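Asks: based on what follows, work out the 3D shape:
(one chain, ligands or ions: 1)
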Amino acid sequence: MSEMFCYQCEQTAKGVACTVAGVCGKKADVAKEQDVLTAELIALAKVSSGALKDVDLIVDGLFRTVTNVNFDKASIEDHTARVRAARELAGGTLPEGADTLFEGNGDIVSLRSTLLFGLRGMAAYAHHARVLGMRDAQVDAFFIKGMAALVDEHSVDEWLGLLMELGQVNLACMALLDTANTTAYGDPLPAEVTHEIEAGPFIVVTGHDLHDLKMLLEQSKGTGVNIYTHCEMLPAHGYPELRKYDHLRGNFGTAWQNQQKEFDGLPAPILFTTNCLMPPRASYADRVYTTSVVAYPEMAHIGADEAGAKDFSALIAQAIALGGYSTPVQMKGINEGTTVMTGFGRQAILDNAGTIIDAVKAGSIKHFYLVGGCDGAKPGRNYYTDFVRQTPSDTVILTLACGKFRFNDLDIGTVGPFPRILDMGQCNDAYGAVQVAVALAEAFECGVNDLPLTLVLSWYEQKAVCILLSLLSLGIKNIYIGPSLPAFFSETVLNVLVDMFDLHPITTPAADLAAIAAS
Ligand code: SF4
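Replies: Predicted structure coming up:
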């Protein structure tokens, strides 16, 4: 029997499963505790009346199992104990099959895994919306329904129905988060962000949680400590209520998989608000702070009080003590660029819809490519850089999530008044991309699949799973996906998705661009 079994992310060992230790650094005992937690979450869903405290336990438990979020067995055990207590209070027992989710008929295991991993991804979005005071009854209810359904018997059609339902509910969840973010911080506006790090004390903030960033900006105001975003936090520079802080100075480094190299010897603390956390090197381990569901053994963790407030004073004090760089440091993007653009959110693009539609009608914009998704460590991810480089000059690249760091510092010119690369935000801003696509389809009186628009996605972890399900549930076809296919798609399930939705595994940029042009 293997020491662990996990195949939920793109970097899983040998493209099959991590069975000894995680490629991500997750140890077998942590993986096993995550399995125990997952079984308890299912058991709670089985007996829950739908009380919000149960939903919150399920959401935060699922989020703890997302790739690169929580490596701390004690932290996971603590949450498991709380879920178990709630389940026992409701008179529930562990349902049969809750601890053997990955055993049995290969196609059923594949469908069950897709549902579980999609729920894990959606939990992240529901968590972020909740900390901003927003929740949605449909989303809450599906966490109970979906988790309970994992141990029930279903036909293949019923499983597919559950996956499409998850896709629809996740769309509602991303819409909720869009409302939460734009209500709290305003609609994003285009912003040029520097990669230069000024001399003096600073803090690097990574992950997706804008609420944590806002609290840190408020507490560090006037201290002389500058704040730099990292990875998925880059789009924060677009939000008016965040960019108004003068000490939010720029962006540090590139995407998550480069952190061990980029943070090596860093003279500043780093706050991890969500994934992706990698095992820290000794040269900066004493500067790593985690918060919320993120945890790593022996790293400092900042909790919240009853009202959700967090005290970042230790982080600020350490930034001052470390002092930062003595002279400015010019960091660069993967392609040597010194600045990047962000802030082309849903509303910023829709505000310019007339100009865009006129450009399409006049033939100066021939095609839109949404090149988005996660970044990762595998060499095949250069595909996305090469793809963007090879797109014709009369096309626009919409992008979102951290995969954009492969190409967001490239200067590939403009189309009319716009840069050709438009960064729409974090992964959850896939909702905004859908809104833009729907608006364009309405303007051109056609379906989304009839637009000159192709989605070219890169996946890594479970949020990409729920986003893919959302796109499929909308009937969006001809999506290109890579760099490799999920190990948890059985051949039959993959064939079904290919048949139903014309899903394409990526090949080479030249071949895929030619196929898109010919379609
Ligand atoms: Fe392996 Fe990914 Fe699971 Fe980590 S999260 S153990 S890398 S499959």
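Asks: count the neighbours of the residue of the stretch 351-500 of the chain at minimum distance from the ligand for me.
Replies: As assessed by C-beta to the nearest ligand atom, the ligand sits closest to residue 461 within the stretch 351-500 of the chain, at 7.3 Å. Using the backbone N, CA and C atoms, a C-beta is placed for each residue, glycine as well. For residue 461, the count of nearby residues is 26 (other C-beta atoms under 10 Å).
Asks: who's in contact with it?
Replies: Contacts for residue 461 (C-beta atoms under 8 Å, 6 or more residues apart in numbering) come out as 8-10, 66-68, 121, 275-276, 374.
Asks: where does the stretch 101-250 of the chain have low pLDDT?
Replies: Within the stretch 101-250 of the chain, no range satisfies pLDDT under 70.
Asks: please enumerate the strands of it.
Replies: All strands of the stretch 101-250 of the chain, identified by DSSP state E, counting those that start in this stretch, fall at 191-194, 196-197, 202-206, 226-229, 248-251.
Asks: near the ligand, which residues of this protein are found?
Replies: By the rule C-beta under 6 Å from any ligand atom, the part of the chain lying against the ligand is 6-9, 11-12, 18, 22-24, 26, 31, 67.
Asks: please redo it, this time with the cut-off set to 5 Å
Replies: 6, 9, 11-12, 18, 22-24, 26, 67 (C-beta under 5 Å from any ligand atom).
Asks: could I get those as CSV with pLDDT and neighbour count?
Replies: Formatted as CSV, those follow (pLDDT from 0 to 100; neighbours: other C-beta atoms under 10 Å):
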residue, pLDDT, neighbour count
6, 98, 26
9, 97, 27
11, 95, 19
12, 97, 21
18, 98, 24
22, 98, 22
23, 97, 15
24, 97, 23
26, 98, 22
67, 98, 26
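Asks: surely residue 23 is in contact with residue 12?
Replies: Yes - with contacts counted by C-beta atoms under 8 Å, residue 23 reaches residue 12, the gap being 6.6 Å.
Asks: correct me if wrong: residue 213 contacts residue 273.
Replies: Yes - here residue 213 reaches residue 273: they are 7.1 Å apart, a contact under C-beta under 8 Å.
Asks: which among the contacts of residue 461 gets closest to residue 353?
Replies: residue 374 (28.2 Å; C-beta to C-beta).
Asks: which residues touch the closest residue to the closest one other than its chain neighbours?
Replies: Residue nearest to residue 374 in three dimensions, not counting chain neighbours: residue 460, with 3.3 Å by C-beta to C-beta, 6 or more residues apart in numbering. Residues in contact with residue 460 (C-beta under 8 Å, 6+ apart) are 9-11, 67, 373-376.
Asks: and those, which of them are in helices?
Replies: In helices, defined here by DSSP state H, there are no members of the contacts of residue 460.
Asks: which stretch of helix or strand covers residue 32?
Replies: helix 28-47 (DSSP states H and E).
Asks: counting by contacts, list what the helix or strand following that helix packs against.
Replies: Tracing the chain past helix 28-47, the next element assigned as helix or strand by DSSP H and E is helix 52-64. If you count contacts as 3 or more C-beta pairs under 8 Å, 6 or more residues apart in numbering; DSSP states H and E, helix 52-64 packs onto helix 28-47, helix 73-89, helix 106-131, helix 137-149.
Asks: contacting residues around the shortest one?
Replies: Right, the one you point to is helix 137-149. Residues from elsewhere that reach helix 137-149 (C-beta under 8 Å, 6+ apart): 41-42, 44-46, 48, 50, 52, 54-55, 58-59, 62, 115, 119, 122-123, 126, 162, 165-166, 169, 172-173, 176.
Asks: out of those, which are buried?
Replies: 41-42, 44-46, 48, 54-55, 58-59, 62, 115, 119, 122-123, 126, 162, 165-166, 169, 172-173, 176 (16 or more other C-beta atoms under 10 Å).
Asks: so how far is residue 233 from residue 273?
Replies: 8 Å (C-beta to C-beta, to the nearest Å).
Asks: what touches both of these two?
Replies: Contacts common to residue 273 and residue 233, judged by C-beta under 8 Å, 6+ apart, are 205-208, 213.
Asks: just give me the closest of these to residue 445.
Replies: Distances from residue 445 to those, taken by C-beta to C-beta, are shortest for residue 208, at 36.1 Å.
Asks: pretty sure the closest one sits against residue 426.
Replies: Yes - using C-beta under 8 Å, residue 208 is in contact with residue 426, at 5.5 Å.
Asks: overlap in contacts, those two.
Replies: residue 232.
Asks: in the chain, what residue is nearest the ligand?
Replies: Counting by C-beta to the nearest ligand atom, the chain gets nearest to the ligand through residue 22 (2.7 Å).
Asks: for that residue, helix, strand, or coil?
Replies: Per DSSP: H, G, I helix; E, B strand; the rest coil, the local secondary structure of residue 22 is coil.
Asks: out of the contacts of residue 460, which sit inside strands?
Replies: residue 373 (DSSP state E).
Asks: can you list the contacts of residue 460 in JSON lines and add distance to residue 319?
Replies: Listed next are the contacts of residue 460 as JSON lines, based on distance: C-beta to C-beta, whole Å:
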{"residue": "9", "distance to residue 319": "32"}
{"residue": "10", "distance to residue 319": "34"}
{"residue": "11", "distance to residue 319": "32"}
{"residue": "67", "distance to residue 319": "28"}
{"residue": "373", "distance to residue 319": "32"}
{"residue": "374", "distance to residue 319": "29"}
{"residue": "375", "distance to residue 319": "26"}
{"residue": "376", "distance to residue 319": "29"}
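Asks: related to what we said a few turns ago, residues contacting the residue of the chain closest to the ligand?
Replies: Residue 22 touches 4, 6, 31, counting by C-beta under 8 Å, 6+ apart.
Asks: I'd say residue 301 and residue 293 touch.
Replies: No - using C-beta under 8 Å, residue 301 is not in contact with residue 293, being 10.4 Å away.
Asks: got phi/psi on residue 269?
Replies: The phi and psi values for residue 269, taken as degrees, to the nearest 10, are phi -80, psi 160.
Asks: OK, contacts around the closest residue to it other than its chain neighbours?
Replies: With C-beta to C-beta, 6+ apart as the criterion, residue 269 has its nearest non-adjacent residue at 4.4 Å, and that residue is residue 287. Applying C-beta under 8 Å, 6+ apart to residue 287 gives the contacts 263, 266, 268-270, 318, 322.
Asks: distance of residue 287 relative to residue 300?
Replies: For residue 287, the distance to residue 300 - C-beta to C-beta - is 9 Å.
Asks: so what pairs up with residue 203 in the strands?
Replies: Residue 203 forms beta bridges with residue 227, as assigned by DSSP bridges.
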